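Undergrad: mind folding the following:
(2 chains)
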Amino acid sequence: MFLWFHKMASPRFFYRLAEILIPWFAACTAIIVVWALYLGLIVAPPDYQQGESYRIIYVHVPAAWMSMFVYMIMAVSSAIFLIWKMKIADIVAEVSAPIGASFTFIALATGSLWGKPMWGTYWVWDARLTSELILLFLYFGYMALRTAIENRSSAARAAAILALVGVVNIPIIHFSVEWWNTLHQPASISKLDTPSIHKSMLIPLLMMMGGFKLFYLVNMMSRARTAILEREGGASWVRERMAQDRL
Amino acid sequence: MNPKRKQKLILIIAMVAGVGIAVGLLLNAFQQNLMLFFSPTDVVAGKAPEDAKFRIGGLVEAGSVQREADGLTVSFKVTDNAKTVAIRYTGILPDLFREGQGIVSLGRLDDTGVFVASEVLAKHDENYMPPEVADALEKTRQAEESGKAAQTAVHGSNTVQMQ
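TA: Below you'll find the predicted structure:
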């Protein structure tokens, strides 16, 4: 187990593993997302109150969910990096930040577009919306801190600590709708025993969530490969590999 | 795990826990400010500010919506199934506004205790279903209610059904 862990940690192994996995994951992402969009946008019935406009949940909910999920990955990788000094964990955290920020932005933008016709406003400073906006700023802060410090290893340490401090925001986002009065509605699908969303609408939504997760993995791995090449540019295995690819 | 790593792990756990507790205390202290709206019960009890704007949230009471002749001014009552507050609003209502719908409204109380709103937002609930399912649910609910009404007539007791 520990050996496997150690092997995973070597950038060389990760580079090769990602190379094998990316095409498969990319194909799965394309199939699942297209199928789920077809089910969600065309097959699923309209909502009894919102009519057709509810269909934005097929983008909004998976994006919002991924914004928190990616942050958790960043925080866990940062902890691993700080404790075990694992290079690949730092790379994963670094390349995940812009992806997570994009998901957060998509969640905020789609939510506000839906909010105008449904609630009557683009934005309201309730606990859910505000904490999600803070998450976006956490991502920005993380990326800014990394680029602001010249020395790579001190930048990595500082950014990792920032990611770990920011992790308190994740439960706040999740439970904000239960702890406080908010305009945002409570969760529909986390109550597994009695979901508040009809099955015909739920299945495409869950598929979209899976599709978004795979999309993140594909994106993260290909970014990580680039980051590995950039950092390990001088290593002998990279030179060998590059020479091979040129032939 | 070697002692140095263990120490770092403990340090990280302590840091996350410390920040968590600090933020928890902070949020607890600002509990009231984080609430987006007051309930009608709070407003009737005088907990809402009298001279400042605030938000009120609750369900639009069935049968209380009245439109005035100018076509834009609407009067209705908002309830939390315990107390009700009358609201007057001039402007465009959101699509989801209807009787029984949850709303959040921004405005202030006038001298007569009527809440004069400058903004009415619809609060959507977490239920999503096709129209046919909603119809079927409504039918069962009505059937149950007429059954209950018959029962209460027999027992003479008053049951308030919370939505």
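Undergrad: pLDDT below threshold where in chain A?
TA: Judged against pLDDT under 70, the low-scoring parts of chain A cover residues A:1-8, A:189-195, A:247.
Undergrad: tell me which element the most centrally placed residue in it falls in.
TA: What sits nearest the mean C-alpha location of chain A, by CA atoms, centre = their mean, is residue A:70, with 3.3 Å. Taking DSSP states H and E as the criterion, residue A:70 maps to helix A:57-84.
Undergrad: and that helix, what does it pack against?
TA: Here helix A:57-84 is seen to pack against helix A:87-118, helix A:127-148, helix A:152-166, helix A:169-179, helix A:199-231, helix B:3-29 when contacts are counted using 3 or more CB pairs under 8 Å, 6 or more residues apart in numbering or on different chains; DSSP states H and E. To be clear about C-beta, it is placed using only N, CA and C from the backbone, and glycine gets the same treatment.
Undergrad: just name the most buried of these.
TA: When you average the neighbours per residue for each of these (mean count of other CB atoms under 10 Å in any protein chain shown), helix A:87-118 leads with a mean of 21.
Undergrad: is there contact, residue-wise, from that one to chain B?
TA: Yes: Helix A:87-118 lies within reach of chain B by CB under 8 Å from any CB of the partner chain, at A:117, A:118.
Undergrad: tell me which other helices or strands that helix touches.
TA: Contacting helix A:87-118 under the criterion 3+ CB pairs under 8 Å, 6+ apart are the following elements: helix A:2-9, helix A:11-38, helix A:57-84, helix A:127-148, helix A:152-166, helix A:199-231.
Undergrad: that one versus helix A:127-148: what angle between them?
TA: 140 degrees (axes from the mean of the first three to the mean of the last three CA atoms, to 10 degrees).
Undergrad: what about helix A:87-118, distance to the chain center?
TA: Averaging C-alpha positions (CA atoms, centre = their mean, to the nearest Å) puts helix A:87-118 6 Å from its chain's average.
Undergrad: columns distance to residue B:95 on top of the helices and strands packed on helix A:87-118, output as TSV?
TA: Compiled in TSV, the helices and strands packed on helix A:87-118 are given as follows (distance: least, CB to CB, whole Å):
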stretch	distance to residue B:95
helix A:2-9	51
helix A:11-38	24
helix A:57-84	16
helix A:127-148	19
helix A:152-166	36
helix A:199-231	19
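Undergrad: which parts of chain B are strands?
TA: In chain order, chain B shows strands spanning B:54-60, B:66-67, B:73-79, B:84-90, B:102-109, B:115-123, with DSSP state E as the criterion.
Undergrad: same list, those, but as TSV with distance to residue A:60 please.
TA: Conversion of these to TSV gives the following (distance: least, CB to CB, whole Å):
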stretch	distance to residue A:60
strand B:54-60	22
strand B:66-67	33
strand B:73-79	28
strand B:84-90	28
strand B:102-109	20
strand B:115-123	17
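Undergrad: next, format those strands as JSON lines and append mean neighbour count, distance to chain A and mean pLDDT.
TA: As requested, the strands of chain B are arranged in JSON lines below (neighbours: other CB atoms under 10 Å in any protein chain shown; distance: least, CB to the nearest CB, whole Å; pLDDT from 0 to 100):
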{"stretch": "strand B:54-60", "mean neighbour count": "22", "distance to chain A": "6", "mean pLDDT": "89"}
{"stretch": "strand B:66-67", "mean neighbour count": "11", "distance to chain A": "17", "mean pLDDT": "88"}
{"stretch": "strand B:73-79", "mean neighbour count": "19", "distance to chain A": "13", "mean pLDDT": "90"}
{"stretch": "strand B:84-90", "mean neighbour count": "19", "distance to chain A": "11", "mean pLDDT": "90"}
{"stretch": "strand B:102-109", "mean neighbour count": "21", "distance to chain A": "5", "mean pLDDT": "89"}
{"stretch": "strand B:115-123", "mean neighbour count": "21", "distance to chain A": "5", "mean pLDDT": "89"}
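Undergrad: out of the ones you listed, flag the one nearest residue A:65.
TA: With CB to CB as the measure, strand B:115-123 is the member of the strands of chain B nearest residue A:65 (21.5 Å).
Undergrad: which residues touch residue A:147?
TA: Taking CB atoms under 8 Å, 6 or more residues apart in numbering or on different chains as the definition of contact, the neighbours of residue A:147 are residue A:155.
Undergrad: which residues touch stretch A:213-232?
TA: Stretch A:213-232 is contacted by residues A:11-12, A:14-15, A:18-19, A:21-22, A:25-26, A:28-29, A:32-33, A:66, A:69-70, A:87-88, A:91-92, A:94-96, A:99, A:103, A:152, A:238 when judged by CB under 8 Å, 6+ apart.
Undergrad: same thing but at 6 Å, please
TA: Counting by CB atoms under 6 Å, 6 or more residues apart in numbering or on different chains, stretch A:213-232 makes contact with A:11, A:15, A:18, A:22, A:25-26, A:28-29, A:91, A:95-96, A:99, A:238, all of which sit outside it.
Undergrad: now the two most distant members of these.
TA: Largest separation among the contacts of stretch A:213-232 by CB to CB: A:28 and A:238, giving 28.7 Å.
Undergrad: still on that earlier bit, closest one to residue B:109 among the helices and strands packed on helix A:57-84?
TA: Using CB to CB as the criterion, the shortest distance between residue B:109 and those is 24.4 Å, found for helix A:127-148.
Undergrad: got the angle for the closest one vs helix B:3-29?
TA: Interaxial angle, helix A:127-148 versus helix B:3-29 (the same axes, to 10 degrees): 140 degrees.
Undergrad: closest one to residue B:32 among the strands of chain B?
TA: Counting by CB to CB, residue B:32 lies closest to strand B:54-60 out of these; the figure is 11.1 Å.
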